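Peer 1: Test case, fold it:
(chains A and B)
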2 protein chains.
Amino acid sequence: MSEATRERILEATEALLRRHGPDKVAVVDVARSLGMSHANVYRFFDSKGALRNAIVERWLARVTAPLDAIVAAEGPAGERLHQWCMTLMETKRRKVLDDPEMFRAYQGLIGDARDVATHHLDHLIQMVRKLISDGIATGEFRVADLEAATRLVLDATIRFHHPHLVAETGGADLTPRAEVVIRAILGALAGGVV
Amino acid sequence: MSEATRERILEATEALLRRHGPDKVAVVDVARSLGMSHANVYRFFDSKGALRNAIVERWLARVTAPLDAIVAAEGPAGERLHQWCMTLMETKRRKVLDDPEMFRAYQGLIGDARDVATHHLDHLIQMVRKLISDGIATGEFRVADLEAATRLVLDATIRFHHPHLVAETGGADLTPRAEVVIRAILGALAGGVV
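Peer 2: Model prediction:
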């Protein structure tokens, strides 16, 4: 019941965001759009900041869900790391292509939700670290410095998943270029470069 | 004489840019600050756009001059490519650290000077292509697809030289992370990955 109300509030907030942009994501506007008292919304989100953070978390959770599934799956680590990078790129690209206004609105919100953004980056780092650890365990990868190897994956592929760069390229399909970068990374992980 | 006047106009424009931001870079303001007639400034720059483009070109030429020198130098291609990437990174980083307001002002101007920005990217691509070609000629690199290899270098290192990302990181020293990425790239070029 409680959870359903929370969900309704988030849905209403997203609808306002879509219609009016990030400046309209305030508790009072959301309450009005639901015919609900402010007090009731405040039971779930005790400030505009809390509501914005919840919206950004929800959006990022949709980005990371398929990535978590890849990390949890069976199979060679190299193949899963390849799939993970391509999925991250494709998810960001689809968001720019399918709904550029919402993409920009979320970028605005994320700018004000640094803790959530940092937590998201930590989550990405954990996933890549796990995939590389799996590859070390099976002997697929020869890696001396796990942290440096993890950073390598995220740094070298940022061109394909950083929101600013994806938006700058207008969601162009950079798959062939990403494939080359990922081949170079997998070669480095297998070849004991890091 | 003509060249000296052109230079004085560009110096005055940079001074205005530094003091008042990119919106103040107009022919009329520059003329006033030099005690010169508009007509005289227009002899050198026939529009605000032409003046802005010249300012951006001049700024970018300062970025590329040391890179051109590395491309023209003697020595193993791998070492020069390494030095080229580190120099590009360090130059951008110094610009953010030493003069963040000017860095932002230039970013604003470059946004309006797409042709100049495209020309700059083409110049970077040419330099990397030349370094890789040199390495192929000496047998240092085994590269089947020169264009893909060139893109690999710029894509995989963008984290360290794209103005938005450099500014986002506040000019932090990412040298150790860049070294790992460059090692992976050099491994790919030497190892016939691309």
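Peer 1: other SSEs contacting the lowest-mean-pLDDT helix or strand in chain A?
Peer 2: Ranked by mean pLDDT, DSSP states H and E, the weakest helix or strand in chain A is helix A:100-111, scoring a mean of 81. Secondary-structure packing of helix A:100-111 (3 or more CB pairs under 8 Å, 6 or more residues apart in numbering or on different chains; DSSP states H and E): helix A:2-20, helix A:48-72, helix A:77-98, helix A:163-168. Quick note: C-beta positions are derived from backbone N, CA and C, even for glycine.
Peer 1: which of the residues in the strand or helix carrying A:A188 are buried?
Peer 2: Using DSSP states H and E, A:A188 sits within helix A:175-190. Using 16 or more other CB atoms under 10 Å in any protein chain shown as the test for burial, helix A:175-190 gives A:177-178, A:180-189.
Peer 1: just checking: which of the residues you listed also lie near chain B?
Peer 2: With CB under 8 Å from any CB of the partner chain as the criterion, the buried residues of helix A:175-190 include A:177-178, A:180-181, A:183-185, A:187-188 near chain B.
Peer 1: Output the below-cut-off pLDDT ranges for chain A.
Peer 2: In the prediction, chain A carries residues with pLDDT under 70 at positions A:1, A:24.
Peer 1: Report all helices and strands that the helix holding A:A188 contacts.
Peer 2: helix A:77-98, helix A:146-161, helix B:146-161, helix B:175-190.
Peer 1: Can you list the neighbours in contact with that helix?
Peer 2: Residues outside helix A:175-190 that contact it (CB atoms under 8 Å, 6 or more residues apart in numbering or on different chains): A:78, A:81-82, A:85-86, A:89, A:132, A:135, A:140-143, A:149, A:152-153, A:156-157, A:159-160, A:193-194, B:148-149, B:151-152, B:155-156, B:183-185, B:187-188, B:191, B:193-194.
Peer 1: okay, the angle between that helix and helix A:77-98?
Peer 2: With axes from the mean of the first three to the mean of the last three CA atoms, to 10 degrees defining the directions, helix A:175-190 sits at 150 degrees from helix A:77-98.
Peer 1: Output stretch A:16-31 as PDB, restricted to C-alpha atoms.
Peer 2: This file holds the C-alpha atoms of stretch A:16-31, laid out as PDB (Å, rounded to 0.1, in the frame of the first residue of the first chain):
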ATOM      1  CA  LEU A  16       5.800  16.500 -14.500                       C
ATOM      2  CA  LEU A  17       9.400  16.300 -15.400                       C
ATOM      3  CA  ARG A  18       8.500  15.200 -18.900                       C
ATOM      4  CA  ARG A  19       6.000  18.000 -19.400                       C
ATOM      5  CA  HIS A  20       7.700  20.900 -17.600                       C
ATOM      6  CA  GLY A  21      11.400  20.000 -17.100                       C
ATOM      7  CA  PRO A  22      13.500  19.500 -14.000                       C
ATOM      8  CA  ASP A  23      12.600  22.800 -12.300                       C
ATOM      9  CA  LYS A  24       9.000  21.600 -11.800                       C
ATOM     10  CA  VAL A  25      10.000  18.600  -9.700                       C
ATOM     11  CA  ALA A  26       8.900  20.100  -6.300                       C
ATOM     12  CA  VAL A  27       6.800  18.400  -3.700                       C
ATOM     13  CA  VAL A  28       4.000  21.000  -4.000                       C
ATOM     14  CA  ASP A  29       3.600  20.400  -7.700                       C
ATOM     15  CA  VAL A  30       3.600  16.700  -7.400                       C
ATOM     16  CA  ALA A  31       1.000  16.700  -4.600                       C
END
